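> got a predicted model here, sequence first, then my questions.
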Amino acid sequence: MDIAGKVAIVTGAAVGIGRAIAQRLAAAGASVVVADIDVEGGRRTAELIGPSARFTRVDMRDDDAITELMDCQPQILVNNAGGGAVLRPCFPEASVERWTDSLAVNLRAPMLATQLALPGMRAAGGGAVVNVGSTAGLGYGPHVSPEYSAAKAALIRLTTTLAPLDGVRVNCVVPDWVATERGLREQEALPVEERGPELVPLDAVTGGVLRFVQDETLAGRVLLLDRGRDPQLLAGTLSD
């Protein structure tokens, strides 16, 4: 897909990974809608990008707000908004409202946004959806935030099940701990012996998103970006 002039929505684009994705898509020629609940950060992202970007405040837990956001008819949708892994307490000690809120942001919101974006994408001749997952959603071991890891696991599986989707490609980038400003600060706060491999470079994440948007042969594929390992383009079944 030639993304020059295409409308791209990036959710959770006020800071960190989302901001970097928005900047990468804008640099490739897209007109970017910076969507986030963080007004100050979202406006700053749009300012950094320039005239090809605009900010809109969106709470991704609000169905009406998501519906209004999709009125701009994007040809590209990056479901990046999420989080909650560092909040305490987590399931099962957390209240029902607390853990369902995490599911709403990390799973229900990207599902609804994708569903609402499909008609416009198809009418425009096709489109691309890229979900941003997490390695928290892979494997079989314990995780400090069960609701977060469960939502990210479901997001990855949702992506692969939509591989046959007519007219629109859906993919997922699955990074480990990423070298955002926050990520680097948190790593540096750890004792040296606990830091582990270098964090995933931001360029690897944004490059993966751009590749999925542009390459029309990769529907349903998942890109795993693990610390200390080469990127892995997984089969849709995650069987590799």
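Sure, I can see it.
> can you pull out the strands in the protein?
Using DSSP state E, the strands of the chain run over residues 7-11, 31-36, 53-57, 76-79, 127-132, 168-175, 222-225, 232-234.
> so what touches the fourth one?
Which is strand 76-79. Identification of contacts with strand 76-79 by CB atoms under 8 Å, 6 or more residues apart in numbering yields 3, 6-11, 18, 21, 25, 30, 109-110, 113-114, 117, 121, 127-132, 155, 209, 213. Glycine gets a C-beta too; all of them are placed from N, C-alpha and C.
> and that strand, average pLDDT?
The average of the pLDDT scores along strand 76-79 is 98.
> any idea how far it is from the middle of the chain?
With CA atoms, centre = their mean, to the nearest Å as the basis, strand 76-79 stands 8 Å off its chain's centre.
> ok, it: who's next to it in the sheet?
strand 7-11 (parallel), strand 127-132 (parallel) (DSSP bridges).
> any idea of the angle the first one forms with strand 31-36?
For the pair strand 7-11 and strand 31-36, the angle between their directions (axes from the mean of the first three to the mean of the last three CA atoms, to 10 degrees) equals 20 degrees.
> list the buried ones in strand 7-11?
Within strand 7-11, the residues scored as buried using 16 or more other CB atoms under 10 Å are 7-11.
> elements contacting the helix or strand of the chain with the lowest mean pLDDT?
Every helix and strand of the chain was ranked by mean pLDDT, DSSP states H and E. The lowest is helix 181-188, at a mean of 83. With contacts defined as 3 or more CB pairs under 8 Å, 6 or more residues apart in numbering; DSSP states H and E, the packing partners of helix 181-188 are helix 16-27.
> mind listing the helices for the chain?
Taking DSSP state H as the criterion, the chain contains helices spanning 16-27, 39-49, 63-69, 96-103, 109-123, 146-161, 181-188, 202-214.
> ChimeraX command to pick out the buried ones of the contacts of strand 76-79?
Filtering these down to the buried ones (16+ other CB under 10 Å) takes a single ChimeraX command:
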select :3,6,7,8,9,10,11,18,21,25,30,109,110,113,114,117,121,127,128,129,130,131,132,155,209,213
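> burial measure for residue 153, as a count.
As a burial measure, residue 153 scores 18 neighbours (other CB atoms under 10 Å).
> distance-wise, check the residue located most distally from the centre of the chain relative to residue 143.
In the chain, counting by CA atoms, centre = their mean, residue 193 sits farthest out from the average C-alpha position, at 30.3 Å. Note on residue 193: its distance to residue 143, by CB to CB, to the nearest Å, is 22 Å.
> any buried residues in stretch 195-202, and which?
The neighbour-count check on stretch 195-202 (16+ other CB under 10 Å) flags 199-200, 202 as buried.
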